[in-house]
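Chemist: Attaching a predicted model along with its sequence, questions to come.
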Amino acid sequence: MISLQVIDLFRNNLARSIPSSIGNCSLLKVLDPENNNLSSVIPDNLGQLLQLQSLHLNNNNLTGTIFASFKKLSSLETLDVRNNSLSGNIPQ
């Protein structure tokens with residue numbers, strides 16, 4: 001699982017939280033679980049995915065904030081978190 005570069009779970013009717021173990025996929029470049037029914041908070045350890053270029057969390061039921069650890073994602077080009085119940089600002 002650690003050598004994965006793309007996880008595309010678009011529109012699969014997933015209805016749980018994003019597992020914190022996803023933070024162990026250090027080579028991950030694309031994470032796309034958009035258009036599901038994911039709930040809970042965004043795991044803080046997503047901020048450890050330093051190779052991440054594209055993160056699409058839109059159209060789920062995510063709550064909480066976008067953690068300050070996301071500032072470390074210097075390779076991130078696309079972040080889509082619309083249509084959730086997130087609060088606060090996107091760290092810069």
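Modeler: Everything's here; your move.

Chemist: Point out where the chain drops to low pLDDT.
Modeler: The model of the chain has pLDDT under 70 over residues 1.

Chemist: can you give me the helices in it?
Modeler: For the chain, applying DSSP state H gives no helices.

Chemist: what about the longest strand in it?
Modeler: strand 61-65 (DSSP state E).

Chemist: Figure out how far it is from the centre of its chain.
Modeler: 11 Å (Cα atoms, centre = their mean, to the nearest Å).

Chemist: and if you look at stretch 71-81?
Modeler: Its chain's average C-alpha position is 9 Å from that of stretch 71-81, according to Cα atoms, centre = their mean.

Chemist: For that stretch, list every residue counted as buried.
Modeler: By neighbour count on 16 or more other Cβ atoms under 10 Å, the buried set for stretch 71-81 is 73, 76, 81. Every residue, glycine included, has its C-beta placed from N, CA and C.

Chemist: Next, the distance between the ends of it.
Modeler: With Cα to Cα, to the nearest Å applied, stretch 71-81 spans 15 Å between its terminal residues.

Chemist: my guess is residue 74 contacts residue 51, does it?
Modeler: No - between residue 74 and residue 51 no contact is recorded; they are 9.9 Å apart, counting by Cβ atoms under 8 Å.

Chemist: Which single one of the buried residues of stretch 71-81 is nearest to residue 59?
Modeler: Taking Cβ to Cβ as the measure, residue 59 lies nearest residue 81 of these, at 9.8 Å.

Chemist: Now do the strands in this structure.
Modeler: Going by DSSP E, the chain shows strands at 6-8, 30-32, 39-41, 54-56, 61-65, 78-80, 85-87.

Chemist: can I get those in TSV with distance to residue 18?
Modeler: What follows is those, written out as TSV (distance: least, Cβ to Cβ, whole Å):
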stretch	distance to residue 18
strand 6-8	10
strand 30-32	9
strand 39-41	7
strand 54-56	11
strand 61-65	8
strand 78-80	14
strand 85-87	13
